[in-house]
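Student: Sequence first, then the predicted structure:
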Amino acid sequence: MFPIRDNIVARRTPIVTVVLILANLAVFGMCAMMSERELEAFFFRYGLIPAKIFRPDIVSAYYWRKFGALVPSHYSLADSLMPVLSCMFLHGGVVHVVGNMWMLWIFGDNVEDCLGHFGFLLFYVACGAASSLFHLLSAPLSPVVTIGASGAVAGVMGAYMILYPRARVLMLVWILFIVDFWSVPAFLFLFYWFLIQVFSGVATLGSGMLSGGVAWWAHVGGFLAGFGFVLVSGVRPPQKPSRAYERARYYFDPRTGRYTKHPFG
């Protein structure tokens, strides 16, 4: 299943959401212009490596021998901790960055609408940091570089699940050669996504490594951070429906070529 859009239209322009998307795309474009060796060294320096924090002496010596002047010969505590935040702006491929930014675009505007621009920025960064800390605790000695905005975006998804549980998400669904569009409750889709992250993370426990190159516990940590913040803070979406919301109660159905009213609305 792949989400196409939701049916909630934000009341204010999602400035921070757009800026975050552009920042991630800009960093990805910059990385695309690096040589393979420079990119690997860049990821090793600014990506999250748990072993860099818990065994900095061994990691520093290894990276120095491999990359020379492209990386520091010794890591200070600040150098080791900086990737907790910087890693959320790095991506390993087009599918990686587009997937994360698409999910941020679908759910971020509405969460920003509830928290305000500055509040949403702090919330996004905090969820990204929480996801990084979850990953550090799940694999403290892992030498694998972890990058991506998935943890921060997961926090946005967790907040959305509380704020708009009855919203509808239009999903592109394919089963073998059958392609269809389904409108499903946001709560159901997000809960299903969260369960996948938990089960996948449990499967990696004890290995100290990533499974399939995915930091599942970072996703879980970010989601719980966003979910918990909204639950504790009591933030709620605007109560009075706007004209934009009324228009959003209808979605384009490719099967009929017409706009169809959502069942709940």
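Tutor: On my side now, so go ahead.
Student: Please, where are all the strands along the stretch 151-265 of the chain?
Tutor: For the stretch 151-265 of the chain, strands defined by DSSP state E, counting those that start in this stretch occupy the ranges 168-175, 178-185, 250-253, 258-261.
Student: starting at the chain centroid, how far to the second one?
Tutor: I take that to be strand 178-185. Offset of strand 178-185 from its chain centre (CA atoms, centre = their mean, to the nearest Å): 23 Å.
Student: Counting by contacts, list what it packs against.
Tutor: Helices and strands touching strand 178-185, by 3 or more CB pairs under 8 Å, 6 or more residues apart in numbering; DSSP states H and E, are strand 168-175. The C-beta positions use only the backbone N, C-alpha and C, and glycine is treated the same way.
Student: May I ask which helix or strand of the protein has the lowest mean pLDDT?
Tutor: Within the chain, no helix or strand scores below helix 243-248, which has a mean of 51 by mean pLDDT, DSSP states H and E.
Student: From Met161, how far off is Tyr192?
Tutor: In this view, Tyr192 and Met161 are 11 Å apart by CB to CB, to the nearest Å.
Student: Tell me which of these two has more neighbours.
Tutor: Shown here are Tyr192 and Met161; by other CB atoms under 10 Å, Met161 has more neighbours (23 against 11).
Student: Give me the nearest residue to the more buried one, chain neighbours excluded.
Tutor: Sequence neighbours aside, Leu190 is the residue nearest to Met161 in space, at 4.2 Å (criterion: CB to CB, 6 or more residues apart in numbering).
Student: what about the one you found, how many neighbours?
Tutor: For Leu190, the number of neighbouring residues by other CB under 10 Å comes to 25.
Student: buried set for stretch 41-58?
Tutor: 41-53, 56 (16 or more other CB atoms under 10 Å).
Student: nearest to Phe123, of those?
Tutor: If you rank these by distance to Phe123 using CB to CB, Leu48 comes first, at 19.7 Å.
Student: Report the beta-bridge partners for the closest one.
Tutor: Note on Leu48: beta-bridge partners Thr146, judged by DSSP bridges.
Student: okay but it is in contact with Leu133, surely?
Tutor: No: with contact defined as CB atoms under 8 Å, Leu48 does not count as touching Leu133 (9.9 Å).
Student: and for these two, which residues touch both?
Tutor: The contact sets of Leu48 and Leu133 overlap at Val84 (CB atoms under 8 Å, 6 or more residues apart in numbering).
Student: Show me where the stretch 101-250 of the chain dips below the pLDDT cut-off.
Tutor: 206-213, 238-250 (pLDDT under 70).
Student: swap the cut-off to 80 and go again
Tutor: Judged by pLDDT under 80, the stretch 101-250 of the chain has its weakly predicted residues at 141-143, 176, 204-214, 238-250.
Student: Okay, helices next: where are they in it?
Tutor: Secondary structure of the stretch 101-250 of the chain (DSSP state H, counting those that start in this stretch): helices at 117-138, 150-163, 186-204, 216-233, 243-248.
Student: Show me what the longest one is packed up against.
Tutor: Just to be clear, that refers to helix 117-138. Using 3+ CB pairs under 8 Å, 6+ apart: helix 117-138 touches helix 15-32, helix 50-54, helix 83-86, helix 94-115, helix 150-163, helix 216-233.
Student: one more time with 6 Å
Tutor: Applying 3 or more CB pairs under 6 Å, 6 or more residues apart in numbering; DSSP states H and E, we find helix 117-138 packed against helix 15-32, helix 150-163, helix 216-233.
Student: Just tell me which of those ends up closest to Trp182.
Tutor: The closest of those to Trp182 is helix 150-163. By CB to CB, the value is 18.1 Å.
Student: other SSEs contacting that closest one?
Tutor: Judged by 3+ CB pairs under 6 Å, 6+ apart, the packing partners of helix 150-163 are helix 94-115, helix 117-138, helix 186-204, helix 216-233.
Student: Try it again at 10 Å.
Tutor: Packing partners of helix 150-163 (3 or more CB pairs under 10 Å, 6 or more residues apart in numbering; DSSP states H and E): helix 15-32, helix 94-115, helix 117-138, helix 186-204, helix 216-233.
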